[in-house]
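J.: need a 3D model of the sequence below.
(chains A, B, C and D)
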2 protein chains.
Amino acid sequence: MAEKPKLETVAKAAGVSTATASQVMRGTGRISDKTRKKVLEAARKLHYLPDGRAASMRSGENREIGFAIHQIANPFNAEVISGVSDLLESENYLVSILDSRDDVDRQRRNIEAFIRSSRGGLLWVPAQDTPKDTCDLLVAHKIPTVTFLRRLEAASFDHVGIQNTEAVETATEHLVDLGHRHIAYIGGMANFGVRRERIAGYKRVLARHNLCAPIVWDSPDGKVSGLQAMTELREAHPEVTAVVSNGDMVALGACLALQRLGLQPGEDVSVVGFDDVQDAAFATPPLTTMAVSPYNLGRKLARVMLDRIREPDMPVTVSLVPAQHVIRDTTGAPRMSAVSD
Amino acid sequence: MAEKPKLETVAKAAGVSTATASQVMRGTGRISDKTRKKVLEAARKLHYLPDGRAASMRSGENREIGFAIHQIANPFNAEVISGVSDLLESENYLVSILDSRDDVDRQRRNIEAFIRSSRGGLLWVPAQDTPKDTCDLLVAHKIPTVTFLRRLEAASFDHVGIQNTEAVETATEHLVDLGHRHIAYIGGMANFGVRRERIAGYKRVLARHNLCAPIVWDSPDGKVSGLQAMTELREAHPEVTAVVSNGDMVALGACLALQRLGLQPGEDVSVVGFDDVQDAAFATPPLTTMAVSPYNLGRKLARVMLDRIREPDMPVTVSLVPAQHVIRDTTGAPRMSAVSD
DNA sequence: TCATAATGATATAACGTTATATCATATGTC
DNA sequence: GACATATGATATAACGTTATATCATTATGA
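T.: Coordinates of the predicted model:
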């Protein structure tokens, strides 16, 4: 087995200088067809691939983008990643994913290692309670950074997100239109970013219609947590006839809980989700939800990163895309007995 | 905003040479406490992080591991990634994930870019129909490589996988014990690797008991596909009373299909899955399945990589871990009317 | 024909680290 | 006090590329 080939190996095999070989590999400079062929042939034979570390160090370019995310086992995020990769790969970037699992220490380690490796840019869903010094690190090292979904106040990075407040307003308003008067909000933990925005939309509608005091029920993400949360909520607030959920998985869990209690989602209690994950349409009954296209969101995110790389001094941009109301079977008018307030 | 700090910047600020600064940063050599403190203080103030490209190029070390995987939006794989990361991070490695989406071209691009960036090693679930030259590339560049789940015949890499044949034998044998005589296999596409091994186990049991000819029903992964596959299978082979599934998601979809047809999983038709994803235990009815602990599998995988890095000339290892039979409610004795063959 | 320009190839110096060898100075021994 | 040894710091040459400047040729124009 031969030694790992370097440019010099290729150059020698082709009988040219490394400078020439380099130019051929990158398609720059003035090179005759004859030598070009010789070099390419030698490179092919030797399985030569340039060493990105050396190239990047010398040229100052780096076509690798990192995507630091809080959760990868999540169909929504996976679709986002597909959108990001498709666009960036078409521009010859490599996307690699860093999984922080919403842990600020792991995130810190990941980001430090990321900076050390001097990649081209960072797409970032910040972990909950991300401290300011993690941001400072990125700023100090001038890493092109675009935050996604969760906006940070500590630093001014480009941002791509969802119109959360408006979306939940739409969802809640729809429940009010159907005649619901006791509407609760379930799912999510703590008053962090995305959830705060969504709850703001929920509260705004309640206030606008002079409805009951807001009922907000915490719960981690996931179907099982949703099941538990709904069961508890039902116990504590039997008067509630409609539930706005922080995410589809929790909403699906909530539907499951209702069914176990002998209630029919969409008839006895209405449930509306957020995201429109694949399961939402295939659940029984199919889930009403606020849909955003994660794939397109991913492409948008990638586009912003490319713009930032091309124009480092461009003013910071914030793009918030709207969600669409998808009405399926888990929302309906409340039963008569419950309408009276 | 200061320029991006390099070792020289730190050294100057601390009033020492770059050689000294370098030694302090890495904790090597003989350095007095006084200068050590000076240097560390300067580094802290400047937000200094060493440039991994330069360090790695000079030292020949690289503490970044890539994990090229075919599917990230998959709770099983996500758990594997957690196991891998936890172990490798405890040894100061950074894990980054490359998503091939089971596309050999994307995989090829990813791996080429990976090699160019000269990272430390590659954990790899090869895409279906991975061509030999992709393997050759890794071999030619001497990248420490460990394949996972899907074993390649084209090259001899270290491998960590599951005892697929044995596991499906156990599952099928259990159905036979319950009295089933017409057992089908559903899920998975094409006769590739993992699935071939599993089907081998299924067929072996049928042959051992002189049962009906094997019925193998293709279907992509996912709940929706499973629903469709089961519906079709039921149409084509109404005599089937038990189904061995290539994965839990397909199995869950199959249960859904049965329920839509007015049949009770575990009573009218038995279903057994594979993986034991989180949903399996919480489905109605809870799914019988073959469980492997993805987290531990991930740790095992990481362990093999560390061994390979430490001992590059170690003979190739293949580790196959057993799956555990988790009997829940989707398997049971067939109804009397169906027992007669 | 001579000057000028275009063409094709190359020598060389960076990029930011780390490994090695080297060099002062301080400490210890007899 | 002379010599050996330990301690602390440094100069320097790599690592594998690419950007820049340079240098022969060959082609072009008047």
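
J.: in the stretch 151-300 of chain A, what residue is nearest DNA strand C?
T.: residue A:155 (22.8 Å; CB to the nearest atom of the strand). Bear in mind the C-beta positions are built from the backbone N, C-alpha and C, glycine included.

J.: so for stretch A:93-108, what gets flagged as buried?
T.: A:93-102, A:106-108 (16 or more other CB atoms under 10 Å in any protein chain shown).

J.: actually stretch A:24-39, not the one I wrote
T.: Buried residues in stretch A:24-39, counted by 16+ other CB under 10 Å: A:24-25, A:31, A:35-36, A:38-39.

J.: list the contacts for the residue of the stretch 151-300 of chain A closest to DNA strand C?
T.: By CB atoms under 8 Å, 6 or more residues apart in numbering or on different chains, the residues touching residue A:155 are A:132, A:135-136, A:138-139.

J.: if I look at it, how far off is residue A:112?
T.: The gap separating residue A:155 from residue A:112 is 16 Å, by CB to CB, to the nearest Å.

J.: equivalent analysis for residue A:302, please.
T.: 24 Å.

J.: what helix or strand is the residue nearest the centre of chain A on?
T.: Central residue of chain A (CA atoms, centre = their mean): residue A:77, 5.1 Å from the mean position. Using DSSP states H and E, residue A:77 sits within helix A:75-90.

J.: ok now that helix, how far from the chain's centre?
T.: 9 Å (CA atoms, centre = their mean, to the nearest Å).

J.: does the next helix or strand after that helix reach chain B?
T.: Next along the chain after helix A:75-90, taking DSSP H and E as the criterion, comes strand A:94-99. Yes: with CB under 8 Å from any CB of the partner chain as the measure, strand A:94-99 is seen reaching chain B through A:94-99.

J.: export the residues you listed as CSV, with columns for pLDDT.
T.: Compiled in CSV, those are given as follows (pLDDT from 0 to 100):
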residue, pLDDT
A:94, 95
A:95, 96
A:96, 95
A:97, 96
A:98, 96
A:99, 94
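
J.: where are the low-confidence patches of the stretch 101-250 of chain A?
T.: Applying pLDDT under 70 to the stretch 101-250 of chain A picks out residues A:191-192.

J.: taking it, what residue is nearest to DNA strand C?
T.: For the stretch 101-250 of chain A and DNA strand C, the shortest gap (CB to the nearest atom of the strand) falls at residue A:118, measuring 8.2 Å.

J.: isn't that residue right up against residue A:56?
T.: Yes: assessed by CB atoms under 8 Å, residue A:118 is found in contact with residue A:56 at 6.6 Å.

J.: shared neighbours of these two, which are they?
T.: Applying CB under 8 Å, 6+ apart, one finds that residue A:118 and residue A:56 are jointly contacted by A:62, B:53.

J.: circling back: residues touching the residue nearest to the centre of chain A, list them.
T.: A:69, A:71, A:125, A:294, B:73.

J.: pLDDT score for the last one?
T.: What the model reports as pLDDT for residue B:73 is 81.

J.: doesn't residue A:71 make contact with it?
T.: No: counting by CB under 8 Å, residue B:73 does not reach residue A:71; the two are 10.5 Å apart.

J.: who has more neighbours, the two?
T.: residue B:73 (21 against 16; other CB atoms under 10 Å in any protein chain shown).

J.: compute the number of surrounding residues for residue A:170.
T.: So residue A:170, with other CB under 10 Å, has 18 neighbours.

J.: distance of it from residue A:164?
T.: Residue A:170 is 11 Å from residue A:164, by CB to CB.

J.: any residues in contact with both of those two?
T.: residue A:323.

J.: hmm, back to that, I'd like the contacts of residue A:77 written out as a markdown table, with secondary structure and distance to residue A:84 added.
T.: Listed next are those as a markdown table, based on DSSP: H, G, I helix; E, B strand; the rest coil; distance: CB to CB, whole Å:
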| residue | secondary structure | distance to residue A:84 |
| --- | --- | --- |
| A:69 | strand | 10 |
| A:71 | coil | 15 |
| A:125 | coil | 11 |
| A:294 | helix | 10 |
| B:73 | coil | 13 |
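
J.: which single one of those residues is nearest to DNA strand D?
T.: residue A:69 (30.3 Å).

J.: residue contacts, that closest one?
T.: A:77, A:81, A:97-100, A:125.

J.: which two of the residues you listed have the greatest separation?
T.: Across those, no pair lies farther apart than A:81 and A:100, at 14.2 Å, counting by CB to CB.

J.: helix/strand/coil for whichever residue of the stretch 201-341 of chain A sits closest to DNA strand C?
T.: Of all residues in the stretch 201-341 of chain A, residue A:312 sits closest to DNA strand C, at 16.3 Å by CB to the nearest atom of the strand. Using DSSP: H, G, I helix; E, B strand; the rest coil, the three-state assignment for residue A:312 comes out as coil.

J.: do the one 4 residues further on as well
T.: Local secondary structure at residue A:316 is given as coil here, using three-state DSSP.

J.: and for residue A:123?
T.: Assignment for residue A:123 (three-state DSSP): strand.

J.: in a strand, that's where the residue of the stretch 151-300 of chain A closest to DNA strand C is, yeah?
T.: No: per three-state DSSP, residue A:155 lies outside any strand segment and is coil.

J.: isn't there a strand covering residue A:258?
T.: No: counting by three-state DSSP, residue A:258 is located in no strand; its state is helix.

J.: switch the buried residues of stretch A:24-39 over to CSV; also include distance to DNA strand C.
T.: What follows is the buried residues of stretch A:24-39, written out as CSV (distance: CB to the nearest atom of the strand, whole Å):
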residue, distance to DNA strand C
A:24, 8
A:25, 12
A:31, 4
A:35, 4
A:36, 7
A:38, 8
A:39, 9
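
J.: tell me the one of those residues nearest chain B?
T.: residue A:25 (11.3 Å; CB to the nearest CB).

J.: does that closest one touch residue A:50 like I think?
T.: Yes: between residue A:25 and residue A:50 there is a contact at 6.1 Å, judged by CB under 8 Å.

J.: common neighbours of these two, please.
T.: Common contacts of residue A:25 and residue A:50 (CB under 8 Å, 6+ apart): residue A:7.

J.: just want the residue of the stretch 201-341 of chain A that's nearest DNA strand D.
T.: residue A:309 (15.5 Å).

J.: mind checking the SS state of that residue?
T.: What three-state DSSP gives for residue A:309 is helix.

J.: who are the neighbours in contact with it?
T.: Residue A:309 makes contact with A:120-121, A:144 under the criterion CB under 8 Å, 6+ apart.

J.: cutoff 10 Å now
T.: Listed by CB atoms under 10 Å, 6 or more residues apart in numbering or on different chains, the contact set of residue A:309 reads A:61-63, A:65, A:91, A:93, A:120-121, A:144.

J.: among these, which ones lie close to chain B?
T.: Among these, the residues lying close to chain B (CB under 10 Å from any CB of the partner chain) are A:62-63, A:93.

J.: show me what the one helix or strand residue A:199 maps to is packed against.
T.: Applying DSSP H and E as the criterion places residue A:199 in helix A:193-208. Applying 3 or more CB pairs under 10 Å, 6 or more residues apart in numbering or on different chains; DSSP states H and E, we find helix A:193-208 packed against strand A:158-162, helix A:164-178, strand A:183-186, strand A:215-217, strand A:242-245.
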